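Student: Got a predicted structure here, sequence first:
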Amino acid sequence: MGSNKQEVEVSYDVSNEFFRLWLDERMNYTCAVFESEHQSLEAAQLNKLSILSDFAKVTANKSVLDIGCGWGACLEYLATSRSVKRAVGVTLSSSQAEEVNRRKLPGVECVESDFMKWETTEKFDALVSICMLDHLCSPEEARKGKAIDIYRAYFKKCHEVTNPGAWFGLQTILRNKIPRIKKDLEDIYFCTHVIFPGGLNPRLEDIVQAVNPYWEIITVKQRRHDYERTTAEWLRRMRLHEARIRQEWGDHVFDDYDRYLSTCVRAFDQFYSSLAQYELRRLDA
């Protein structure tokens, strides 16, 4: 289902140093939340991590699972800012797992695995998952009407690895309006099939249906303009390093990512795409 390991590595294993050039200092590769016009990307990313940790009711005495942990930005925040007793991250990317484990964060473990196939007897008190759902369902599976069942299986797995009373801070990119402009259609197709092969952004109504009967939606926050601003800042920073990127990783990497990030800015502006944050409460028998 969704993105396999090879496809995930297309998305995230270009080079850790490549992504470090234009992401924030903690390497958050997801939407930040800006509190003011002039707030930095670094501060806005910490806002995001704080909001989702609050949604998950994270406190120092809890164990937390970060599903799709990326390069460890949220794990670092949980360990250093929330002082959790234990934080486990799961990622299918070898480069991301290596980066997290290299940091040797206190109380943090990173597992290189497909979350849906990961076997564990451990139960967690809280969950955080940031923009991982877009790797669960492929465009082909969605066209066959399998999306809701795939997302529901994910929420069931999340229920199975948590203790009663658990809360969940979830963030997902959303697909909304279908473009009617040919170039926009071509560019979004490019992003879906070249930059993030095997995956597809869910619709808001998919999440609303799929959480049942495992989780209850308490809060939903719309962050479309925040993601437009985040991707615009990524694009600005990446272009500052154009010469180095072309020299070290090739023209095609710079050109592909310039097209991808430019498309993201336009997609969020035109409501082709959006982003939502959810506060979910575990439904206990």
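Tutor: Everything's here; your move. Residues are numbered from 1 along each chain as shown.
Student: Make sure Gly165 is actually in contact with Phe124.
Tutor: No - Gly165 is beyond contact range of Phe124, at 11.3 Å (criterion: C-beta atoms under 8 Å). Quick note: C-beta positions are derived from backbone N, CA and C, even for glycine.
Student: In the chain, what residue spans correspond to strands?
Tutor: For the chain, the strands defined by DSSP state E occupy 63-67, 86-91, 108-112, 124-130, 162-175, 215-222, 273-282.
Student: coming back round to it: same drill for Gly165 and Phe124, tell me which one is more crowded.
Tutor: Legend: neighbour count by other C-beta atoms under 10 Å for Gly165 and Phe124, higher for Phe124 (23 against 11).
Student: and the residue lying closest to that one once chain neighbours are set aside, what is it in contact with?
Tutor: For Phe124, ignoring the flanking residues on the chain, the nearest one in space by C-beta to C-beta, 6 or more residues apart in numbering is Leu65 at 4.3 Å. Shown in contact with Leu65 (C-beta atoms under 8 Å, 6 or more residues apart in numbering): 87-90, 124, 126-128, 161-162.
Student: quick check, nearest of those to His193?
Tutor: The closest of those to His193 turns out to be Val90 (C-beta to C-beta; 24.9 Å).
Student: Any idea what the closest one is bridged to?
Tutor: Using DSSP bridges, the beta-bridge partners of Val90 come out as Ile67, Val111.
Student: Tell me the spacing between it and Lys57.
Tutor: Here the distance between Val90 and Lys57 works out to 20 Å (C-beta to C-beta, to the nearest Å).
Student: who's more crowded, the two?
Tutor: When Val90 and Lys57 are compared for neighbours, Val90 comes out ahead with 23 against 16, by other C-beta under 10 Å.
Student: which residues sit in contact with the more buried one?
Tutor: Under the criterion of C-beta under 8 Å, 6+ apart, the neighbours of Val90 are 65-69, 110-111, 113, 115, 118.
Student: Does Ala97 touch Thr91 like I think?
Tutor: Yes - counting by C-beta under 8 Å, Ala97 touches Thr91, with 5.5 Å between them.
Student: That'll do, ta.
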